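> I would like to see how this sequence folds:
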Amino acid sequence: MKTRVALIIGITALAVVSYAEEKPVTLPLARLVIKAVDENLAPVEGVNVSLSFMEPVSRQPAVVEGLTNAEGLFVGEGGSDSCIGSNIHKAGYYPAGFPFAPFREVREGKWQPWGATYMAVLRKIENPIPMYARRLRRLEIPTADQPCGFDLEASDWVAPWGKGKIADFVMTLTRRYASRDDFDVNVVLSFTNPLDGIQETNLPEQFRGSEFLWPRQAPESGFKPTHSSRFGAKPGSDYYGNASEESAFFFRVRTQERNGQIVGALYGKIKGGIRLEGRETGTCAVAFAYYLNPTSLDRNMEWDTKRNLLTGLSHDEKPLLP
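Now for the predicted structure:
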């Protein structure tokens with residue numbers, strides 16, 4: 001037991017406070033082996049690996065860091081409350097992470113699995129380019145039951161609702177609304193040109209921990225002329241919808257054809273699907289993040305995050321990842 005003497009200002013008195021001495025908290029140890037590899041699964045030497053463990057006394061993260069060896073390996077150990085933070089990077093590569101689930105089992109003071117190997121895939125920074133990129137958080141569709149064109153370069157609706165000139169995306173809303181718990185909104189995304197279109201894609205699982213998640217090139221074919229998003233609710237039941245923040249799409253707009261050959265087109269991508277909000281809005285709001293390559297027939301999808309062709313965006317409107 002410790003004793004503390006405290007002077008109470010303004011009163012001629014001494015207060016004696018007794019309190020129990022705090023005992024250090026001992027956390028189970030965790031050991032991880034990080035294996036840094038490139039896109040071809042070849043080991044990468046000299047990768048900076050920083051692992052954050054919970055420091056057992058201060059309850060603050062204790063950082064263990066170093067470089068991978070010639071086999072791409074780094075071993076880190078520390079007391080943990082079951083979670084591990086990481087920062088894995090090397091010049092010329094996109095920062096990476098690794099798939100990790102919190103530890104759940106302790107044996108003899110050690111988290112299991114002990115000394116397991118986790119793979120971090122580092123992708124080279126090859127050819128990042130400027131793009132039109134914006135994260136639309138709540139874009140209100142101007143009207144229902146009528147096609148509404150949206151210009152991706154201007155990032156605005158076309159006349160009579162905005163300053164856009166080319167209807168890259170055409171959104172047609174149908175809407176039924178009785179209450180917040182009883183409504184249905186459906187938005188059909190279509191396009192201006194016959195060979196424009198959109199297609200859903202699965203982002204490569206092996207790149208899930210990378211800052212750059214996408215294939216480097218948009219596909220040449222396979223685009224569909226429409227995509228439908230839906231969101232709603234029925235009384236006494238959960239909300240329903242078909243959009244997800246995990247969804248990803250490629251699209252092609254401003255497509256020109258001559259003698260059966262595509263001679264012009266702009267390619268882009270959408271991260272997070274096209275999500276709808278039919279409540280607290282006169283029509284319906286859509287949310288999605290889009291990236292548009294400005295060079296005709298260039299299918300490169302590697303965006304330089306420091307060169308956004310759209311200016312004046314708020315912090316929330318700026319995409320964070322390439």
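
> contacting residues for residue 208?
By CB atoms under 8 Å, 6 or more residues apart in numbering, residue 208 lies in contact with residue 99. Where you see a C-beta, it was placed from the backbone N, CA and C, and this is true even at glycine.

> Which parts of the stretch 101-250 of the chain are strands?
105-107, 110-112, 116-121, 129-140, 148-151, 156-157, 169-179, 182-190, 197-200, 227-233, 239-241, 248-258 (DSSP state E, counting those that start in this stretch).

> helices or strands up against the third one?
Counting contacts by 3 or more CB pairs under 8 Å, 6 or more residues apart in numbering; DSSP states H and E, strand 116-121 is packed against strand 29-37.

> cool, and the longest one?
In terms of contact count using 3+ CB pairs under 8 Å, 6+ apart, strand 129-140 is assigned the packing partners strand 261-277, strand 285-292, strand 303-308.

> buried set for the shortest one?
Okay, so that is strand 303-308. Judged by neighbour count (16 or more other CB atoms under 10 Å), strand 303-308 contains these buried residues: 303, 305, 308.

> Which single one of those is nearest to residue 165?
residue 308 (20.0 Å; CB to CB).

> and stretch 119-132, what's its mean pLDDT?
Taken as a whole, stretch 119-132 carries a mean pLDDT of 97.

> how far is it from where the chain is centred?
15 Å (CA atoms, centre = their mean, to the nearest Å).

> can you pull the buried residues of it?
In stretch 119-132, counting by 16+ other CB under 10 Å, buried: 119-123, 128-129, 131-132.

> And stretch 199-208, end to end?
With CA to CA, to the nearest Å as the measure, the ends of stretch 199-208 fall 20 Å from one another.

> List the buried residues of it.
Applying 16+ other CB under 10 Å to stretch 199-208 flags 201, 203, 207 as buried.

> Could you do stretch 138-158 as well?
For stretch 138-158, by 16+ other CB under 10 Å, it's 139, 141-142, 144, 148-158.

> So the residue lying closest to residue 156 once chain neighbours are set aside versus residue 148, what's the distance?
Of all residues not flanking residue 156 in the chain, residue 162 sits nearest, at 3.8 Å (CB to CB, 6 or more residues apart in numbering). Going from residue 162 to residue 148 by CB to CB, to the nearest Å gives 9 Å.
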